[in-house]
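Participant: With the input below, show me the fold.
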Amino acid sequence: MNMLAHWHLPPTPQDAAIARVSGQALSRFAAARGPLKLRVTDAEQMEPIELPAGAVALLMEILEAMAAGRGVTIIPENAELSTVQAAEVLNVSRPFLIKLLEDGNIPHRKVGKHRRVRMEDVMSYKAAIDNEREAVLDQLAADAQDQDMGYGSK
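Facilitator: The predicted structure follows:
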């Protein structure tokens with residue numbers, strides 16, 4: 001990926017424990033959904049740092065993922081991905097992604113013989129597919145309830 005992307009392996013158990021404690025402590029202050037001023041101490045120095053609300057929310061999500069033992073990848077929305085990278089984000093094979101691109105399901109551009117896909121287009125496609133999947137599951141659950149397949153109250 002480009003230099004603006006950051007990828008971190010799954011945390012060690014010790015880092016996951018630190019993330020859990022830090023996330024719990026930070027959550028008390030992050031609930032206000034506004035900027036947050038932190039005081040960073042290192043040896044004998046103390047320096048206040050103000051974080052915008054968006055950065056606080058992102059930090060909370062990172063700590064939550066780390067506490068659960070998951071690795072984290074941060075990619076700016078305006079980043080352009082290769083087909084391999086886009087396939088990894090969608091958790092699909094590269095040939096499947098190429099078919100999506102050729103069918104016009106995800107916008108892309110060609111640079112020489114290589115395709116480039118914007119991260120925001122990949123995420124829009126993912127959100128649309130997730131919404132469609134959820135709607136189908138809701139319909140299946142409703143059909144099961146209508147047919148009294150064990151979902152009704154007794």
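Participant: Need the contact partners of stretch 71-87.
Facilitator: With Cβ atoms under 8 Å, 6 or more residues apart in numbering as the test, stretch 71-87 has contacts from 1-2, 4-11, 58, 62, 65-66, 89, 93-94, 96-98, 101, 106, 114-120, 122-123. All C-beta spots, glycine's among them, are computed from the backbone N, C-alpha and C.
Participant: Would you mind giving me the PyMOL syntax to select the buried ones in these?
Facilitator: Filtering the contacts of stretch 71-87 down to the buried ones (16 or more other Cβ atoms under 10 Å) takes a single PyMOL command:
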select buried, resi 1+11+62+65+66+89+97+101+106+115+117+118+119+122
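Participant: residue boundaries of the strands in the chain?
Facilitator: 6-8, 36-42, 45-51, 72-74, 80-81, 109-111, 114-118 (DSSP state E).
Participant: What residues sit buried inside the fourth one?
Facilitator: It refers to strand 72-74. Using 16+ other Cβ under 10 Å as the test for burial, strand 72-74 gives residue 72.
Participant: So what are the sheet partners of that strand and their directions?
Facilitator: According to DSSP bridges, strand 72-74 forms sheet pairs with strand 6-8 (antiparallel).
Participant: With the last one instead?
Facilitator: Sheet neighbours of strand 114-118, with direction, are listed as strand 80-81 (antiparallel), strand 109-111 (antiparallel) (DSSP bridges).
Participant: quick check, distance from that strand to the centre of its chain.
Facilitator: Relative to the centre of its chain, strand 114-118 is centred 20 Å away, using Cα atoms, centre = their mean, to the nearest Å.
Participant: which residues are in contact with it?
Facilitator: Counting by Cβ under 8 Å, 6+ apart, residues outside strand 114-118 touching it are 77-83, 86, 98, 101, 106-110.
Participant: Tell me how many other residues surround residue 100.
Facilitator: 21 (other Cβ atoms under 10 Å).
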